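A.B. asks: The following comprises the amino acid sequence and a computationally predicted model.
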Amino acid sequence: MVQTSRNRGWSRFAPAALGVLIGVLIWMTRPVDEIRRENRMVLETDPAEEPLRAEPALIATSLGAMPPVRHEEPQRRTPDEPNEPSVNTTPDAPTAHANSNVETLAPSFTLTPPARDETSRATPLAELFEPPLGWMEPIRRCHRGRRFFCDGPRRVPVPWGENVERAERLGLGTRRTYNVIMSGPAQPSLLREIPDPPEPTLLWPVPSGFMGRGFGYVRRGSLASRLHRGVDIPAPIGAPIRAVNPGIVIYSGNGVRGYGNLIVILHQDDTRSMYAHLREARVVGGQFVSRGEVIGEVGKTGLTRAPHLHFEWRLRAMPRDPTSRFAERPSRAEEIELMHEAADRREAASIRLEERRERARRNRDRAERARSATGNRFD
């Protein structure tokens, strides 16, 4: 009799205990899913590639501290009642919402981005480019050595139109052709194909960039004895790159180790201009380009730590210092201003990176605590 009544007592509380246990498990597993989802978003985002992307947090900071908005259904008005005026949160009226009632603002609250100051020097971005036949397969070629880096992802258009026939006839657009042409003088028949002669000066390739590392033995540390064959022009990701002189594209791709997405242009005087570390190329092998034509965008593919254009100018196969030949280069005052903008972008990117790392670390700690608590309950 005693054992039967005891079993009846336990059976009376079993459903309640089971419900509490299920609720605890649901409560503990839900944060883990959210944490994994958030960590996955953090890992898939490259913070160094976002200096030109508009951040909602930055917009909200420029508008002032926003009050918490309560999401409620707006009350229905009769046709006779006038509509409430909408709240404008532009920088001209930053305090319009400071002392307002949240319930009144909720139905008509809109966030308007701040107007751009046209008087300030804003970094121009290249216009959106869509090739006629789309893009080639985005191949990533990664290498291990002194540093791990990837020459990609490749972002080069699929050859189209007359460029295809011209490239096949002249044998352009391949890595083999690049090796042959860059190792010595070009064939006279190939030079005769180029319609326009070059100018004696070189057009500054990145209007929104400034002079960084120069030509020569300018490296430090273990690379001090290695020749820097070109000049580096730091600029934000997505800034347009222009051809320095008219010519024909002999290579466009990411098959040259360390250069990332690379464009090589042959000019009529047997000089070559090289544009490396691009985010995307807009020209293909066999295509004619004119002086000042936009041929790509600044990126950080290949062996590089920050977005910039690595530009090389070669006379036949020998690299030469192009610094004294540049035309339309920004003035010293403009370069100093561009340097300050680059420093601000680096600082903002570093802050965002640290915030993401700290958030990921907290999420991992929460996930570990949740898993530990779940394991302890089942032990």
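C.D. replies: Ah, there it is. The model shown is predicted, which means the values in this text are computed figures rather than measured ones.

A.B. asks: Buried residues of stretch 135-150, list them for me.
C.D. replies: 136, 141, 149 (16 or more other Cβ atoms under 10 Å). C-beta: built from backbone N, CA, C; applies to glycine.

A.B. asks: which residues of the stretch 201-350 of the chain score low on pLDDT?
C.D. replies: Applying pLDDT under 70 to the stretch 201-350 of the chain picks out residues 218-219, 222-224.

A.B. asks: all helices in it, in order from the N-terminus.
C.D. replies: Assigned by DSSP state H, counting those that start in this stretch, the stretch 201-350 of the chain shows helices spanning 332-378.

A.B. asks: For it, which segments count as strands?
C.D. replies: 202-203, 231-234, 240-242, 247-253, 261-266, 271-281, 288-289, 294-298, 308-315, 318-320, 326-327 (DSSP state E, counting those that start in this stretch).

A.B. asks: With respect to Thr374, which of the ones you listed lies nearest?
C.D. replies: For Thr374, the closest of the strands of the stretch 201-350 of the chain is strand 271-281, at 44.1 Å, according to Cβ to Cβ.

A.B. asks: list the helices and strands that closest one packs on?
C.D. replies: Applying 3 or more Cβ pairs under 8 Å, 6 or more residues apart in numbering; DSSP states H and E, one finds that strand 271-281 makes contact with strand 247-253, strand 261-266, strand 294-298, strand 308-315.

A.B. asks: Redo these as CSV? Include distance to Leu128.
C.D. replies: Converted to CSV, the helices and strands packed on strand 271-281 look like this (distance: least, Cβ to Cβ, whole Å):
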stretch, distance to Leu128
strand 247-253, 19
strand 261-266, 17
strand 294-298, 10
strand 308-315, 20
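
A.B. asks: if we can go back for a sec, out of the strands of the stretch 201-350 of the chain, nearest to Ala370?
C.D. replies: Nearest of the strands of the stretch 201-350 of the chain to Ala370, taken as Cβ to Cβ: strand 271-281 at 39.5 Å.

A.B. asks: For the closest one, which residues meet the burial criterion?
C.D. replies: So, applying 16+ other Cβ under 10 Å, buried residues of strand 271-281: 271-281.

A.B. asks: that older thread, give me the subset of the buried residues of stretch 135-150 that lies in strands.
C.D. replies: Phe149 (DSSP state E).

A.B. asks: and which of the buried residues of stretch 135-150 is nearest to Met182?
C.D. replies: Arg141 (18.5 Å).

A.B. asks: show me the contacts for the closest one.
C.D. replies: By Cβ atoms under 8 Å, 6 or more residues apart in numbering, the residues touching Arg141 are 150-152, 254-255, 257.

A.B. asks: where's Tyr178, which helix or strand?
C.D. replies: Taking DSSP states H and E as the definition, Tyr178 sits inside helix 175-181.

A.B. asks: hmm, back to that, could I get the contacts of Arg141 in a markdown table, plus columns for distance to Gly214?
C.D. replies: Listed next are those as a markdown table, based on distance: Cβ to Cβ, whole Å:
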| residue | distance to Gly214 |
| --- | --- |
| Cys150 | 26 |
| Asp151 | 24 |
| Gly152 | 27 |
| Asn254 | 25 |
| Gly255 | 27 |
| Arg257 | 23 |
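
A.B. asks: Show me just the buried residues among those.
C.D. replies: Buried, going by 16+ other Cβ under 10 Å: 151-152, 254-255, out of the contacts of Arg141.

A.B. asks: okay, stretch 140-147 in PDB with CA atoms only?
C.D. replies: Listed next in PDB are the C-alpha coordinates belonging to stretch 140-147 (Å, rounded to 0.1, in the frame of the first residue of the first chain):
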ATOM      1  CA  ARG A 140      40.200  32.100 -55.900                       C
ATOM      2  CA  ARG A 141      43.900  31.100 -56.100                       C
ATOM      3  CA  CYS A 142      45.300  30.900 -52.600                       C
ATOM      4  CA  HIS A 143      49.000  30.500 -51.700                       C
ATOM      5  CA  ARG A 144      50.900  29.700 -48.500                       C
ATOM      6  CA  GLY A 145      54.400  30.900 -47.800                       C
ATOM      7  CA  ARG A 146      55.700  33.900 -45.800                       C
ATOM      8  CA  ARG A 147      52.100  35.100 -45.700                       C
END
